[in-house]
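*Asks:* Got a predicted model here, sequence first, then my questions.
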Amino acid sequence: MVQPRRIELHGRPIGAGAYPSIITPLVGRDAAALRAELAFIVPRRPDMLEWRIDHFARLADTDAVIAMAREIRAAAAGVPLLLTRRSVAEGGQAIALAEADVVALYARMCHERCVDLIDCELSQARAQVAHLRAASASCGVAMILSFHDFRATPGADEIVARFVHAEQLGADIAKVAVMPAGPSDVLALLGATQRASQAVGIPLIGISMGGIGVASRVLGWQFGSAATFAAGLGDSAPGQLAIEELRAVLAVVQRAGAAR
């Protein structure tokens, strides 16, 4: 069994504890909406904020994106910030930027050191992934390599292979999120995450989306998933619980396990 490499951001461990990190998305289209989200979320102290920049109306203005990232970090009061552009193919919003421009924006955000992590999709061109790996590593920014399927749940072997591939490409954290057709797909995702956690040396995030998949958001950490996502004022994927609800359920599960 491989012991996952310890990842710390602002002194907060990811993938090394008995409790999953809670990541909460920011999905506002403008500065006012983002400020409202921050005012609601930050007092609830998630372990990480995810800024979904594909929702941001001024995404084509790099200086505006950098200024907003710095404002978010200042308001976050030490909570690490994850930068994510989710492509339309993997459940994101349509944007007016070419892929090369997205890569350039990510690299600039790393060099400006206004984020703590970046999320890149495994479907991106290998040269782009390598470029962003080099840019993020040189700036001390962690990289998540992710795969999302909003239509179905691949077979368990394919899910494990996605986790392994992310590690091979240099990811600090590997993420797989899939859509279940029924309970058996949720079990397949959890089982594959558990298998991968024994073979891969980086923290993993395994999620089964939608209402059927809620169990993976609550129990995934018992199967090797290092983090889970909780909604703030808005969610970024189907099945996310409100942060207070998720934290309460996690506490119940943890107490029940400790009582055995």
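*Replies:* Perfect, thanks for sending it. Residues are numbered from 1 along each chain as shown.
*Asks:* so residue 240 touches residue 233, yeah?
*Replies:* No: counting by Cβ atoms under 8 Å, residue 240 stays clear of residue 233, with 11.7 Å between them. Where you see a C-beta, it was placed from the backbone N, CA and C, and this is true even at glycine.
*Asks:* Which one of these two is surrounded by more residues?
*Replies:* A count of neighbours by other Cβ atoms under 10 Å puts residue 240 above the other of residue 240 and residue 233, at 23 against 18.
*Asks:* Of all the residues in stretch 40-60, which ones are buried?
*Replies:* The neighbour-count check on stretch 40-60 (16 or more other Cβ atoms under 10 Å) flags 41-42, 46-56, 59 as buried.
*Asks:* same thing with stretch 125-134?
*Replies:* Buried residues in stretch 125-134, counted by 16+ other Cβ under 10 Å: 128-129, 131-133.
*Asks:* what does stretch 182-202 give?
*Replies:* 185-190, 192-197, 200, 202.
*Asks:* where exactly do the helices run in the stretch 101-250 of the chain?
*Replies:* Under the criterion DSSP state H, counting those that start in this stretch, the stretch 101-250 of the chain contains helices at 126-138, 156-168, 183-197, 214-219, 243-258.
*Asks:* Residue 105 is nearest to which of those helices?
*Replies:* Comparison of the helices of the stretch 101-250 of the chain against residue 105 by Cβ to Cβ identifies helix 126-138 as nearest, at 10.5 Å.
*Asks:* which residues are in contact with that closest one?
*Replies:* Helix 126-138 is contacted from outside by 99, 103, 106-107, 110-111, 118, 120, 122, 141-143, 145, 169-170, using Cβ atoms under 8 Å, 6 or more residues apart in numbering.
*Asks:* one more time with 6 Å, if that's ok
*Replies:* 103, 106-107, 110, 118, 120, 143, 169-170 (Cβ atoms under 6 Å, 6 or more residues apart in numbering).
*Asks:* same question, stretch 38-47
*Replies:* With contacts defined as Cβ under 6 Å, 6+ apart, stretch 38-47 is touched by 12, 21-22, 24, 75-76, 232-233, 243.
*Asks:* mind redoing it with 10 Å?
*Replies:* The contact list for stretch 38-47 (Cβ atoms under 10 Å, 6 or more residues apart in numbering) reads 9-10, 12-14, 19-26, 28, 49, 71-72, 74-80, 227-234, 242-244, 246-247.
*Asks:* what's the answer for stretch 25-37, then?
*Replies:* Here stretch 25-37 makes contact (Cβ under 10 Å, 6+ apart) with 24, 38, 41, 46, 48-59, 64, 67-68, 71-72, 75-76, 81-82, 84, 86, 93, 229-237, 240.
*Asks:* Sounds good, over and out.
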